[in-house]
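In: Okay, sequence plus prediction incoming.
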Amino acid sequence: MSSPLPPVTPDAGTLDAFERDGDAVVRDAITPELCDRLLTAAEILLASDITRGRDQEGDGKDGFRGCLNLDRAFLPLLANAAVLPTVVQLLSPNVHLLSARLIALPSGPSRTIRIPGRHGWHHDMYGVTADLGSPHTPRLAIKAAHYLTPVTPDRGLTMFLPGSHRLTEEPVVPVCAIDPPGAVTPDITGTDAVLFENRTWHTGGINLSCQPRIALMLQYGYRWLHPVDGPATELRADPALTPIDQQLLGLPDRHPDGFLAKGSGSAPIRSSWWQSGPWTSTTTCPFGCDEITSAPARIGRRCQGHRCQLLSSPPSLRPAAGVQSADEMHHQSVSPLP
């Protein structure tokens, strides 16, 4: 079951990198022993004939959505004390799990899965961008990616375009290429986790290892967002779950008698360790201005002189002239938690 370990203080360098790039690495997010157990459970599931939540794609990918509902061996990742505090710091305590996806990326010759006409670069929550437009899409969710198979340069790890969470249109991939300029593959080990937000452009690398690349990706978002996975009704009935587990799996804003209790569904994180936890450090703004910010923070909050991030961004990553970015709207309309 999920570990009741105390939360790990979010690393200031990780937070700064996430604000700057839209992705960041959490070092030693899981133990090697846990990684082995997760890989064993994943391989058993992938070898099964289970169709519930099965997600097979035309490019040869296999996997499952809602994998926590299929094997409780994955539950230690749900409220991982090494990862969740950073997610909460970057969003707020008012979060739950949107999806838990198991992905097996096949191995194949170069350019058989990704080709210039189908390069695969995308960002998550496409429906939000389609409805609101990229300039007005805020940070809504963060994924934590865990790579369970051995991490090697030829394994096809997820690639990212740093700073692309501030783009107002799709990044340009040169003719006859499959990656935009500046794309990177994180330098990680098998016990690290990669965090990235819904606006960050990314794609699966090309796996040439002759073995599948198996990953687990858990996406956390605000509780007012509808989960991608089906409801974890059976799982939530497990008495061994912690209150934080219950919140992440969809705790409603209700009293035991059914009456409305506004905000009670986020009480486990907010009251158990958010208000009394290790959130009091102060750091300078990661985008170069002199203003000091202090935790707790909310919805990607930076300094109130938030335009520093726009002025220090490369021109290609700045919002179009006259267009108000989603981060600017946040600073004008969102106040920090009490």
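Out: Structure's in. What do you need? On a predicted model such as this, the values are computed, not experimentally measured, just so you know.
In: Can you list the buried residues in stretch 118-134?
Out: 120-121, 123-125, 128-129, 134 (16 or more other CB atoms under 10 Å). Where you see a C-beta, it was placed from the backbone N, CA and C, and this is true even at glycine.
In: Please apply the same query to stretch 197-210.
Out: For stretch 197-210, by 16+ other CB under 10 Å, it's 197-207, 209.
In: Next: stretch 15-32.
Out: Those would be 15-26, 29-30, for stretch 15-32 by 16+ other CB under 10 Å.
In: Quick check: mean pLDDT of it?
Out: The pLDDT scores in stretch 15-32 average 97.
In: related to what we said a few turns ago, can you lay out the buried residues of stretch 15-32 as TSV showing distance to residue 81 and secondary structure?
Out: Formatted as TSV, those follow (distance: CB to CB, whole Å; DSSP: H, G, I helix; E, B strand; the rest coil):
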residue	distance to residue 81	secondary structure
15	17	helix
16	21	helix
17	20	helix
18	18	helix
19	22	helix
20	25	helix
21	24	helix
22	24	coil
23	21	strand
24	17	strand
25	17	strand
26	11	strand
29	10	coil
30	11	coil
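In: And these, which two are furthest apart?
Out: 20 and 30 (24.9 Å; CB to CB).
In: does the residue nearest in space to the middle of the chain sit in a helix, a strand or a coil?
Out: Residue closest to the average C-alpha location in the chain (CA atoms, centre = their mean): residue 143, at 1.3 Å. Here residue 143 is strand, with the state taken from DSSP: H, G, I helix; E, B strand; the rest coil.
In: I figured it was touching residue 219, is that so?
Out: Yes. The pair residue 143 / residue 219 is scored as a contact, 4.5 Å apart, by CB atoms under 8 Å.
In: Give me the common contacts of the two.
Out: Common contacts of residue 143 and residue 219, defined by CB atoms under 8 Å, 6 or more residues apart in numbering, comprise residue 124.
In: In the protein, where is pLDDT below threshold?
Out: Applying pLDDT under 70 to the chain flags residues 1-5, 58, 109-113, 117, 273-338.
In: does the residue in it sticking out farthest from the centre count as helix, strand or coil?
Out: The centre of the chain is farthest from one residue, residue 257, which by CA atoms, centre = their mean lies 34.4 Å away. At residue 257 the chain is in coil, as set by three-state DSSP.
In: For it, give me the backbone phi and psi.
Out: phi -80, psi 0 (degrees, to the nearest 10).
In: Count the neighbours of residue 41 for me.
Out: Neighbour count for residue 41, taken as other CB atoms under 10 Å: 19.
In: That one sits in which helix or strand?
Out: Taking DSSP states H and E as the criterion, residue 41 maps to helix 32-46.
In: In terms of secondary structure, what does that helix contact?
Out: strand 62-65, strand 95-105, strand 213-222 (3 or more CB pairs under 8 Å, 6 or more residues apart in numbering; DSSP states H and E).
In: May I see the ones you listed organised as TSV, with mean neighbour count and distance to residue 190 added?
Out: As requested, the helices and strands packed on helix 32-46 are exported to TSV (neighbours: other CB atoms under 10 Å; distance: least, CB to CB, whole Å):
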stretch	mean neighbour count	distance to residue 190
strand 62-65	22	18
strand 95-105	23	15
strand 213-222	23	11
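In: still on that earlier bit, for the residue nearest to the centre of the chain, which residues make a bridge with it?
Out: Beta-bridge partners recorded for residue 143 (DSSP bridges): residue 196, residue 219.
In: Give me the distance between it and residue 221.
Out: 9 Å (CB to CB, to the nearest Å).
In: swap in residue 185?
Out: Note on residue 185: its distance to residue 221, by CB to CB, is 25 Å.
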